[in-house]
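Engineer: Make a model of this:
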Amino acid sequence: MNAPQRLPELDNGLLRFLTCGSVDDGKSTLIGRLLYDSKSILADTLHAIGRTSKQRGLDAPDLSLLTDGLQAEREQGITIDVAYRYFTTGTRKYIIADAPGHEQYTRNMVTAASTADLAIILVDARKGVLTQTRRHSTIAHLMGIPHLLVAVNKMDLVGYQQEVFQRIRADYRDFARKLGIAEVSFIPISALNGDMIVERGDRLGWYFGPTLLEILEEVSTDRTESATHEGRFRFPVQYVCRPQQAEDPALHDYRGFMGRIESGEIAVGDEVTHLPSNLKTRIKDIQIAGQSLSVAFAEQSITLLLADEIDISRGDMLFNSAAVPATRSSISAHLCWLSETPLDRQRTYLVRHTTRSVKAKLASIDSRLNIATLEHEDATGLVMNDIARVTLRLAQPLFADSYAENRVTGAFIVIDESSNNTVAAGMIL
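Structural biologist: Residues are numbered from 1 along each chain as shown. Next up is the predicted model:
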């Protein structure tokens, strides 16, 4: 008798998603509930959370403690830093980023948004759409997150009323239309009680859509993956490997260019162009840990050997010759100012783009976005959490795509040279 064939597991790939919204909207509790109900919490972790919850006088485990790991966060009951959690189901692997809701920590959300495939924007059913909700939604939109899901939380505190959900949905849709968000989904939930998180519960019978986990399991990441894996080849050089004391004589002339493929793919024999020299050559070999490959893809860290001798340094880039990006001596960009120190228009800052760093000065502030009205206003300066359209003048050129074309080669950060602090994040137009 033949053994039964084992069916392959369904694998919808990796999903990186972000939770954001105003403070106390329940982001950390939502993640805790999602992990708890999907059986993704280890027994010792759950025991520790139960013990801490009892010390606080709570009858049930406080699931927000799963993500609020810093002592200061636990004492204040807020999330300060971005907390990451990893879990898997039989269908998909997940990386969750819990962004801080308090306005003074908005800058931490930008990091998490830069790689997210989906953003869950929580709204407290009692409070509706707040300024911080709009700010986080605006950043998520500017950062190019493909899928936005508005989760109206704490439905238990408004008696699970359908009218409340419908009113918030209408308010958010009006805001999204003004901002230019084309597609957004909505779901009513209670993170505290677990309604519509993993299980449907029995108190939201008027909602016929999928649960939160069902949405996460089924959402497509094809748009993100096609931009990364099938896009134009982009290879910022991180390090030039030249063994100085190699015992093997064959390695005396070895020159490998190490880095991470940020988009596209490359194969042995392909023609590439080097910038800034604009010289062309072909790929002689592709190596990972000393092993040769015939082809490599986006997100792989590799070493490239070239057919010709070209002077290449850290910060240079290799591209497929048919799709070389623009060389920019100035850049127009959406800029999120992250620092508590306001922008100084007279200062020189450092712009870091992939592995290249160049000095830059502000040429102009074209407009600043008013989060409350969504109007673009004139501005003479920028302070923390401001979002503006600016033009920067560069001391040396950058080789960059627009952010809409490539989320890696279209992004940059601004650094204060005196403190080495990151003061802004930008998306090239």
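Engineer: who's in contact with residue 233?
Structural biologist: Neighbour list for residue 233: 261, 263-266, 270, 272, 318-320, 323 [criterion: C-beta atoms under 8 Å, 6 or more residues apart in numbering]. (Glycine included, C-beta is placed from N, CA and C.)
Engineer: Show me these that map onto strands.
Structural biologist: 265-266, 272, 318-320 (DSSP state E).
Engineer: how many neighbours does residue 168 have?
Structural biologist: Counted with other C-beta atoms under 10 Å, the neighbours of residue 168 add up to 22.
Engineer: Do you know the pLDDT at it?
Structural biologist: With respect to pLDDT, residue 168 scores 97.
Engineer: Just to check, it is in contact with residue 125?
Structural biologist: Yes. With contact defined as C-beta atoms under 8 Å, residue 168 counts as touching residue 125 (6.8 Å).
Engineer: Find the residues that touch each one of the two.
Structural biologist: residue 152.
Engineer: Residue 183: helix or strand, and which one exactly?
Structural biologist: Of the helices and strands defined by DSSP states H and E, none includes residue 183.
Engineer: Got the confidence number for it?
Structural biologist: So residue 183 comes in at 88 (pLDDT).
Engineer: tell me the contacts of it?
Structural biologist: Contacts for residue 183 (C-beta under 8 Å, 6+ apart) come out as 147-148.
Engineer: Distance check, it against residue 152.
Structural biologist: 18 Å (C-beta to C-beta, to the nearest Å).
Engineer: Equivalent analysis for residue 323, please.
Structural biologist: 43 Å.
Engineer: what about those two, which has more around it?
Structural biologist: Counted by other C-beta under 10 Å, residue 323 and residue 152 do not tie: residue 152 has more neighbours, with 27 against 13.
Engineer: For the helix or strand harbouring that one, name the packing helices and strands.
Structural biologist: In this assignment (DSSP H and E), residue 152 forms part of strand 147-153. Applying 3 or more C-beta pairs under 8 Å, 6 or more residues apart in numbering; DSSP states H and E, we find strand 147-153 packed against strand 118-124, helix 131-142, helix 162-179, strand 185-188, helix 212-218.
Engineer: hang on, residue 272 packs against residue 321?
Structural biologist: Yes. Between residue 272 and residue 321 there is a contact under C-beta under 8 Å: 6.3 Å.
Engineer: more neighbours, these two?
Structural biologist: Neighbour tally, residue 272 and residue 321, criterion other C-beta under 10 Å: the higher count belongs to residue 272, 22 against 16.
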